[in-house]
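> I need the structure of the sequence given here:
(one chain, ligands or ions: 1)
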Amino acid sequence: MQRIVTTLFSALLLLCSSCGAKTGKTSASEAPVKVLGQFNADSAYAYVARQVDFGPRVPGTPEHQACADYLAAQLGRYADSVIVQKGEMAAFNGDVLPLSNIIGVFNPKQSRRIMLMAHWDTRPWADMSVDRPNEPILGANDGASGVGVLLEIARNLALEAPAVGVDIMFVDGEDYGNSGGFSDNAETWCLGTQMWTESMQPYNKDNRPIYAILLDMVGGRDARFHREYFSNSNAQTSTNKVWAEANALGFNDIFIDEIGGSIIDDHVFMAKAGIPTTNIVETMNVETSNFPPTWHTHDDNMDNIDPVSLNAVGTTVLNVVYKEKPY
Ligand SMILES: [Zn+2]
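Have a look, this model is predicted:
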């Protein structure tokens, strides 16, 4: 993903950066909220680590294919069915990328559906790194974290079915974009999502998701998630739900109820295709006031994955899902 506009208020940031420990507990003055599901952060962490164990998952490499097979098999343990959409997309530099979008379908007969998504490919370059910038990154946070959280959500959905239909989509080819410019390069990113929105398989106009939630870079240390700018304007209903749920669950110091940066990511192409999508992504990191410091560097490894962040995101999204009604 790529940031396209900076919206930054340092005074507010300083205020928020001193908010202290992230526990996820409600404060004493609030009634305890019933937490739905049993999101296990250690399990999510293990799913992240397993992906990183493959090495960089760059489209066209054996590691990428091995991880695709692993993700389809894992999702297959939990979902009613798994669909793998395969195709080729041309990257900005002429590389032709073999892509796989992996979709797990829960409650196939339910026509009211929501989608949860994350990209599973990793960036072929460490272009934010001084050290070895032409070598691929491990993408523990940028890629594996969102997928790991969603696999743990899938495990929960298999134990206790949601009331609505849910589709979990792992999209490919998000991070092969051209970082050399601004918004005119937008369509060089998110190639897997652009491939999917052409057909939206397996849906028709009556059962396609009413909204989607995108998880990207959700496992960073001391992560904080502001309302990403385009999500807040294009997907107000679901964005409000996510931040309200996070607040009710006591994750106020992780889900900051303020507008964050505006970025090019899969949610932009989903919205363009008519599916409003909320992006949970770190755009105002405490240290950088931007993406996390590990972004597109070789430090994006398991040493910098924080189960506390995975837990806040996973528990929040799982509770949003379980509260959706089939009407
Ligand atoms: Zn990235």
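> who's in contact with M195?
Q85, G87, M89, L99, N101, D172, G173 (C-beta atoms under 8 Å, 6 or more residues apart in numbering). All C-beta atoms are positioned from the backbone trio N, CA, C, and that covers glycine.
> show me what the helix or strand containing the first one pairs with in its sheet, parallel or antiparallel.
In this structure, Q85 is located in strand 81-90 according to DSSP states H and E. Using DSSP bridges, strand 81-90 pairs in its sheet with strand 96-106 (antiparallel).
> skip the chain neighbours and tell me the closest residue to the residue in the stretch 201-327 of the chain that the ion sits nearest to.
Using C-beta to the ion, the closest approach of the stretch 201-327 of the chain to the ion is made by H296 at 5.8 Å. Nearest residue to H296 in three dimensions, chain neighbours excluded: M128, at 3.9 Å (C-beta to C-beta, 6 or more residues apart in numbering).
> what pLDDT does the model give that neighbour?
On the pLDDT scale, M128 is placed at 93.
> pretty sure it sits against W295.
Yes: with contact defined as C-beta atoms under 8 Å, M128 reaches W295; the gap is 5.9 Å.
> please say which of the two ends up with more neighbours.
The residue with more neighbours, out of M128 and W295, is W295; 24 against 18, by other C-beta atoms under 10 Å.
> distance check, that one against E63.
According to C-beta to C-beta, to the nearest Å, W295 and E63 sit 21 Å apart.
> just N247 next, same as before
Taking C-beta to C-beta, one finds N247 at 39 Å from E63.
> same question for A41.
A41 is 26 Å from E63, by C-beta to C-beta.
> quick one, which of the two is more surrounded?
A41 (22 against 17).
> skip the chain neighbours and tell me the closest residue to the residue most central in space within the chain.
Nearest to the geometric centre of the chain sits L215, at 1.5 Å (C-alpha atoms, centre = their mean). Leaving aside its chain neighbours, L215 sits nearest to G146 (3.4 Å; criterion: C-beta to C-beta, 6+ apart).
> again, but for D206
In space, D206 is closest to S111, 6.0 Å off (C-beta to C-beta, 6+ apart).
> phi first, then psi, for the one you found.
phi -80, psi -20 (degrees, to the nearest 10).
> quick one: contacts for it?
S111 neighbours (C-beta under 8 Å, 6+ apart): G165, D206, N207.
> just the buried residues of those.
Among the contacts of S111, the ones that count as buried by 16 or more other C-beta atoms under 10 Å are G165, N207.
> turn the contacts of S111 into TSV, columns for pLDDT, secondary structure and distance to N279.
Formatted as TSV, the contacts of S111 follow (pLDDT from 0 to 100; DSSP: H, G, I helix; E, B strand; the rest coil; distance: C-beta to C-beta, whole Å):
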residue	pLDDT	secondary structure	distance to N279
G165	97	strand	21
D206	84	coil	26
N207	88	coil	23
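> any chance of the contacts of S111 in JSON lines, plus distance to the ion?
Putting those into JSON lines (distance: C-beta to the ion, whole Å) gives the following:
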{"residue": "G165", "distance to the ion": "29"}
{"residue": "D206", "distance to the ion": "34"}
{"residue": "N207", "distance to the ion": "31"}
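> just the helices in this protein please.
Assigned by DSSP state H, the chain shows helices spanning 10-17, 41-53, 62-78, 146-159, 191-199, 229-234, 236-248, 266-272, 307-323.
> what is the orientation angle of the strand holding Q85 with helix 191-199?
110 degrees (axes from the mean of the first three to the mean of the last three C-alpha atoms, to 10 degrees).
> looking at strand 81-90 now, give me its mean pLDDT.
Strand 81-90 comes out at a mean pLDDT of 96.
> how about the residue nearest to L215, what does it touch?
Contacts of G146 (C-beta under 8 Å, 6+ apart): M117, A118, H119, L214, L215, D216, M217, V218.
> try it again with 10 Å
48, 116-120, 170-171, 174, 213-219, 266, 280-281, 310, 313 (C-beta atoms under 10 Å, 6 or more residues apart in numbering).
> in strands only, show me these.
L116, M117, A118, H119, F170, V171, I213, L214, L215, D216, I280, V281 (DSSP state E).
> what does the pLDDT read for the residue lying closest to N285 once chain neighbours are set aside?
Sequence neighbours aside, P292 is the residue nearest to N285 in space, at 4.8 Å (criterion: C-beta to C-beta, 6+ apart). pLDDT, P292: 95.
> coming back round to it: what is in contact with M128 and W295 at once?
With C-beta under 10 Å, 6+ apart as the test, M128 and W295 both reach I137.
> list the contacts for F106?
With the criterion set at C-beta under 10 Å, 6+ apart, F106 makes contact with 75, 78-81, 113, 116, 153-154, 157-158, 161-162, 164-168, 321.
> and if you look at K109?
By C-beta under 10 Å, 6+ apart, the neighbours of K109 are D80, G165, N207.
> A144 too?
Neighbours of A144 in contact, by C-beta under 10 Å, 6+ apart: 47-54, 57, 67, 118-120, 122, 138, 219, 300-302, 305.
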